[in-house]
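>>> the sequence and its predicted three-dimensional model are supplied below.
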Amino acid sequence: MQFAELKELHSLPFFDLLKKARSVHEANWPENEVQLCTLLSIKTGGCSEDCSYCAQSARYTTGVDAERLMEKCDIMKRAEAARENGSTRFCMGAAWKGVRDGTKRFDEVLDIVRSVSELGMEVCTTLGELGEVEAKKLKEAGVTAYNHNIDTSPEHYENIVSTHTFQDRLNTVRHVQNAGMSVCCGGILGLGENVDDRLKMLEVISEFNPQPESVPINSLVPIPGTPMAESGGVDNFEVVRTIALARIAVPKAKVRLSAGRTRMGDEMQALCFFAGANSIFYGDKLLTTSNPQSEADLALMEKLGLRPQKPNPAQAAPKVDAERPLEPSYQ
């Protein structure tokens, strides 16, 4: 969807935008279901990147200590607990710039993925940058989806990260798609961007070919010690607007209400679900920040008449649209 179209939609009165988004949502997701995802940091801290919002960067003093890759047995216990608690997707994140084929840590991750994939849940990983070979091996090991957010607009990106480029992000997304994995790609609100930056971020995401299987919308949780520690964040109504726009721009994607939910009451989260969110991170922790407790999530879903979506580990990745350009344009 082009920037001008997104700009016009964003300028609509709040309820008019929500009505349009709800119509798109009902046409593509008629069941009252929400995907429950559990996110586990399998390797925390010590990352060489300088993402200015991240507690795990080795360049900042945030109180997050660098840790080694978790033992496989401990990861499996957490994955089994997540499954028993109702999660349908198990996401594993590692604070690395990227992974390289032939290294011990990549071989260990592949072994972990193979075992987790046998539990009947969808498997997601986020390990930093991927090359073609690494993407293919993750797919073969059993990864359902790979998360690699673009965070913000191409123009604003260099203001928050200097150790890699926006194009580097797009390259990893293309390698994931070429390997046959689904792409999970969204952004973060509250990085000092303006409305146009958010719309341009959604423009790029919507122009992926194929479009992402899921789009996480995060609200920045300011971390003391990072350059973004004093960020004032964004208004919750702007979060709802962004979710509505994501639903319209990427109609067949799961739109995931992600980081920042602790700042929302039940009523605001209900607005997000109405606007098109149909996936949440579920559990007590989201990488290094807190997350609403599982019992509270289930209670809210019951109030709203929403059911957990069943896992589909064998789901096929979205297909390329032969009538559209293969690469998104952002320059």
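Happy to help now that I have it. Numbers count the residues shown, from 1 in each chain.

>>> name the residues that touch stretch 27-37?
If you take C-beta atoms under 8 Å, 6 or more residues apart in numbering as the criterion, stretch 27-37 is touched by 86-91, 124, 214, 251-252, 254, 256, 273, 277-282, 297, 301, 304-309. Backbone N, C-alpha and C define where each C-beta goes, glycine included.

>>> please report how far the residue nearest to residue 311 when sequence neighbours are not counted lies from residue 309.
In space, and not counting its chain neighbours, residue 311 is closest to residue 88: 3.8 Å by C-beta to C-beta, 6 or more residues apart in numbering. Spatial separation of residue 88 from residue 309 under the definition C-beta to C-beta, to the nearest Å is 6 Å.

>>> what's the burial count for residue 307?
By other C-beta atoms under 10 Å, the residues close to residue 307 number 12.

>>> who are the contact partners of it?
Under the criterion of C-beta under 8 Å, 6+ apart, the contact partners of residue 307 comprise 31, 32, 33, 34, 301.

>>> next one: residue 213
The neighbours of residue 213, taking C-beta under 8 Å, 6+ apart as the test, are 145, 182, 183, 184, 253, 254, 317, 318.

>>> thought the second one was touching residue 319?
No - using C-beta atoms under 8 Å, residue 182 is not in contact with residue 319; the gap is 11.0 Å.

>>> who has more neighbours out of the two?
Counted by other C-beta under 10 Å, residue 182 and residue 319 do not tie: residue 182 has more neighbours, with 25 against 8.

>>> pLDDT score assigned to the residue nearest to residue 311?
pLDDT recorded at residue 88 is 91.

>>> just residue 287 next, same as before
Confidence at residue 287, expressed as pLDDT, is 44.

>>> so which of the contacts of residue 307 sit within strands?
Helix and strand membership here follows DSSP state E; of these, those in strands are 33, 34.

>>> from the contacts of residue 213, which two are the most distant?
In those, the most distant members under the criterion C-beta to C-beta are 254 and 317, with 13.2 Å between them.

>>> ok, which stretches of this structure are helices?
Assigned by DSSP state H, the helices in the chain fall at 3-10, 14-28, 72-84, 104-117, 132-141, 154-157, 166-178, 195-206, 236-249, 266-275, 294-304.

>>> surely residue 42 meets residue 90?
No - taking contact to mean C-beta under 8 Å, the distance of 10.5 Å between residue 42 and residue 90 leaves them out of contact.

>>> higher neighbour count, these two?
Comparing residue 42 with residue 90 by other C-beta under 10 Å, the one with more neighbours is residue 90, at 26 against 23.

>>> mind listing what residue 171 touches?
residue 129.

>>> swap in the one 5 residues further on?
Residue 176 makes contacts with 130, 135, 146, 148, 183, as judged by C-beta under 8 Å, 6+ apart.
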